[in-house]
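Novice: structure for the following, please:
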Amino acid sequence: MCVFALGPVCWALSTSLKPENLIFSQPPQWIPREISLSHYQGVVRNQNMVRYYVNSFLTAVWSTGVGLVIGIFGAYGFSRFRFPGNRSMMVSIMLTRMLPRVSLIVPFFITLQKLKLYNTRPGLIMVFLVITLPLSICRIVSPV
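Specialist: Take a look at the predicted model:
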């Protein structure tokens with residue numbers, strides 16, 4: 001199973017180290033005879049790629065940080081206080097995790113457009129929060 005899972009990763013790494021003319025050579029080579037770092041240099045020199053990495057990093061940090069804070073407070077409320085509908089609310093939060101993500105694409109799109117957050121970093125962070133927050137709350141309350 002490990003070979004099956006790591007095979008594509010090893011192939012991608014091997015291909016990234018090959019010169020351009022050896023990528024599609026027949027028969028394919030797992031270990032390249034010549035090692036080239038030109039692909040990595042192209043990525044580092046491309047200003048758009050640097051911006052993409054920074055955007056991904058900032059989005060991940062913000063959505064993780066905000067998700068942890070909200071998740072901790074929500075989980076604390078569910079674990080320490082008993083109130084009417086506590087159990088049914090917890091079940092409904094878990095049921096939101098069962099929705100296929102594809103079914104949420106149109107509502108996300110409409111909501112982000114109406115809030116004027118479409119194609120912005122705060123909009124993307126909000127989508128990540130909506131997707132991961134139910135799991136954060138329920139995981140903290142009842143670890144499996």
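Novice: my guess is Leu124 meets Thr59, correct?
Specialist: Yes - if you go by CB atoms under 8 Å, Leu124 and Thr59 touch, sitting 5.5 Å apart. In short, each C-beta sits where N, CA and C put it, glycine included.
Novice: higher neighbour count, these two?
Specialist: The residue with more neighbours, out of Leu124 and Thr59, is Leu124; 20 against 16, by other CB atoms under 10 Å.
Novice: give the contact list for that one.
Specialist: Thr59, Ser63 (CB atoms under 8 Å, 6 or more residues apart in numbering).
Novice: that one: helix or strand, and which one exactly?
Specialist: Using DSSP states H and E, the element containing Leu124 is helix 121-141.
Novice: residues near the closest residue to Leu37 other than its chain neighbours, how many?
Specialist: Spatial nearest neighbour of Leu37, excluding adjacent residues (CB to CB, 6 or more residues apart in numbering): Leu17 at 7.4 Å. Leu17 sits with 17 neighbouring residues when counted by other CB under 10 Å.
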